[in-house]
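Asker: what follows is a predicted structure for the sequence shown.
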Amino acid sequence: MAFDLNMNVLIVDDYKTMLRIIRNLLKQLGIENVDEATDGGTALMKLRERNYGLVISDWNMEPMTGLQLLKEVRADHKLKQIPFIMITAESKTENVVAAKEAGVTNYIVKPFNAATLKQKLTAIWGNF
Amino acid sequence: MSKATKETALKRTLETLDTSTLASTADIAAVVEAVMKSLSGDVSLTEFKLYQELQKLADYIQSAKREIAAIRPDEIRATHIPMATDELDAVVGATAEATGVILDSAESLEKVAGTVPAEAGEEIRNIATRIYEACNFQDVTGQRITKVVRALKHIEEKIDALLHAFGDGVKAPAASAAVPAPSAPVSGDDSHLLHGPQLPQEANKQDDIDAILANLK
């Protein structure tokens, strides 16, 4: 998938500070069309209302977790092709395996840096 | 009393020794007294030893109860644990507020970057990036503190069970005050995967995770 500057990106995290950090880092990479959601349910609603080229989501949220959101996205024929990056403090191997089995595109462990974020985006879109 | 009758009476009495039914020292004494009554008439050596064991058990329970009362579990439940959770909540609130101010400053820096020569602007943007990266700490520490609060809640539940088992003798009058509970753990079919941040020596690093993902492809 090629990068398009007009592409909408949805970031999902229940910590507003993290949403702000991710938004700022994306902005530095030239990605400005960023929407936010603070839980999986709201994210799913937004995904069904608007076209998104990428979802970046936390795992540990209530009531719908990031993993449940991922499964919902992959089960929806209109959404299942959207690249999905999990950014989470859950670093256990079983978590990575569960996310992979659910269809995650990439996985970033918190705390992360801008270079890691760019690297994972490049893996999806190529150089941008 | 025949031996069979005495054994039946003993068995019935011993069944009441379930610790969950022993609400007070008086209960323990009543059980011991009931056993003694069942032993009227000929008391065999075995029965006498059984009585001795019961007496030791009663003494042990009373001693344990005195020791538990001395450490005031009611105070731990009513005062110390709520105070600890309040303090931890305050830590989360304060760090969130401070992080907000830091992010405000970093965003202001980025705006300034556009008004200065390109080289200086680039350096300012790099500084802002490092500030954003560093602010990750607020989320991770918040999740760690949430884990601690849940552990405290678990301890509180155990103390509740202890207070219930030992009755009013280990409670102070104030212990009946309601204690606000921290948020319930996240439920859902992946709840067993919600560990929160690992300790640094136990956590997979980004390279480890990349390797795991690569192996799964």
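Answerer: Done, it's in. Please read all numbers here as calculations on a predicted model, not as lab measurements.
Asker: for chain A, which residues are neighbours of chain B?
Answerer: Proximity of chain A to chain B (Cβ under 8 Å from any Cβ of the partner chain) is limited to residues A:13, A:15, A:17-18, A:20-21, A:24-25, A:28, A:59-65, A:67-68, A:89-98, A:100-101, A:106-114, A:116. For the C-beta atoms, the positions are set from N, CA and C on the backbone; glycine is no exception.
Asker: what's the ChimeraX syntax to select whichever of those are buried?
Answerer: Entered in ChimeraX, the line below selects the buried ones among those, by 16 or more other Cβ atoms under 10 Å in any protein chain shown:
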select /A:13,15,17,18,20,21,24,25,28,59,60,61,62,64,65,67,68,89,90,91,95,96,98,100,106,107,108,109,110,111,112,113,114,116
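Asker: can you classify the most centrally placed residue in chain A as helix, strand or coil?
Answerer: Centroid check for chain A by Cα atoms, centre = their mean gives A:Ile56 as the closest residue, at 1.2 Å. Using DSSP: H, G, I helix; E, B strand; the rest coil, the structure places A:Ile56 in strand.
Asker: touching, it and A:Leu19? I think so.
Answerer: No: counting by Cβ atoms under 8 Å, A:Leu19 is not a contact partner of A:Ile56; they are 9.7 Å apart.
Asker: show me what contacts the residue in chain A that chain B sits nearest to?
Answerer: Nearest residue of chain A to chain B: A:Pro111, at 3.4 Å (Cβ to the nearest Cβ). A:Pro111 makes contact with B:Glu133, B:Asn136, B:Phe137, B:Asp139, B:Val140, according to Cβ atoms under 8 Å, 6 or more residues apart in numbering or on different chains.
Asker: would you list the buried entries among the residues you listed?
Answerer: Applying 16+ other Cβ under 10 Å to those flags B:Glu133, B:Asn136, B:Asp139, B:Val140 as buried.
Asker: measure the last one to chain A for me?
Answerer: Right, B:Val140. Applying Cβ to the nearest Cβ, to the nearest Å, the value for B:Val140 to chain A is 5 Å.
Asker: quick check, that residue in a helix?
Answerer: Yes: assessed with three-state DSSP, B:Val140 lies in a helix.
Asker: show the pLDDT at it.
Answerer: Per-residue confidence (pLDDT) for B:Val140: 89.
Asker: before we move on, what about the second one?
Answerer: The predicted structure scores B:Asn136 at 89 on the pLDDT scale.
Asker: could you do the first one as well?
Answerer: Taken from the predicted model, the pLDDT recorded for B:Glu133 is 93.
Asker: and the residue nearest to it when sequence neighbours are not counted, its phi and psi?
Answerer: The shortest distance from B:Glu133 to any non-neighbouring residue, by Cβ to Cβ, 6 or more residues apart in numbering or on different chains, is to A:Asn113 (4.6 Å). Backbone torsions of A:Asn113, given as degrees, to the nearest 10, read phi -120, psi 170.
Asker: B:Ala134 is in contact with A:Asn113, correct?
Answerer: No: the pair A:Asn113 / B:Ala134 is not scored as a contact, 9.4 Å apart, by Cβ under 8 Å.
Asker: mind listing what the residue of chain B found nearest chain A touches?
Answerer: Nearest to chain A, among the residues of chain B, is B:Asn136, at 3.4 Å (Cβ to the nearest Cβ). The contact partners of B:Asn136, by Cβ under 8 Å, 6+ apart, come to A:Met18, A:Ile21, A:Lys110, A:Pro111, A:Phe112.
Asker: again with B:Thr141
Answerer: Neighbours of B:Thr141 in contact, by Cβ under 8 Å, 6+ apart: B:Val92, B:Thr95.
Asker: picking that back up, of the contacts of B:Asn136, which is the nearest to A:Arg50?
Answerer: Distance to A:Arg50, by Cβ to Cβ, is smallest for A:Met18 among those, at 21.4 Å.
Asker: any regions of chain A where pLDDT drops low?
Answerer: Applying pLDDT under 70 to chain A flags residues A:1-3.
Asker: got phi/psi on the residue nearest to A:Asp4 when sequence neighbours are not counted?
Answerer: Leaving aside its chain neighbours, A:Asp4 sits nearest to A:Gly53 (6.6 Å; criterion: Cβ to Cβ, 6+ apart). Backbone torsions of A:Gly53, given as degrees, to the nearest 10, read phi -100, psi -10.
Asker: pretty sure A:Gly53 contacts A:Pro83?
Answerer: Yes: if you go by Cβ under 8 Å, A:Gly53 and A:Pro83 touch, sitting 7.4 Å apart.
Asker: past the helix or strand where B:Leu162 lies, which element shows up next along the chain?
Answerer: Taking DSSP states H and E as the criterion, B:Leu162 maps to helix B:137-166. On the C-terminal side of helix B:137-166, the closest following helix or strand by DSSP H and E is helix B:206-216.
Asker: can you tell me if that next one touches chain A.
Answerer: Yes: counting by Cβ under 8 Å from any Cβ, chain A has neighbours in helix B:206-216: B:Gln206, B:Asp208, B:Ile209, B:Ile212, B:Leu213, B:Leu216.
Asker: try stretch B:113-132
Answerer: Yes: contact of stretch B:113-132 with chain A (Cβ under 8 Å from any Cβ) involves B:Arg125, B:Ala128, B:Thr129, B:Tyr132.
Asker: tell me the one of those nearest B:Leu103?
Answerer: When the residues of stretch B:113-132 next to chain A are compared against B:Leu103 (criterion: Cβ to Cβ), the nearest one is B:Tyr132, at 7.4 Å.
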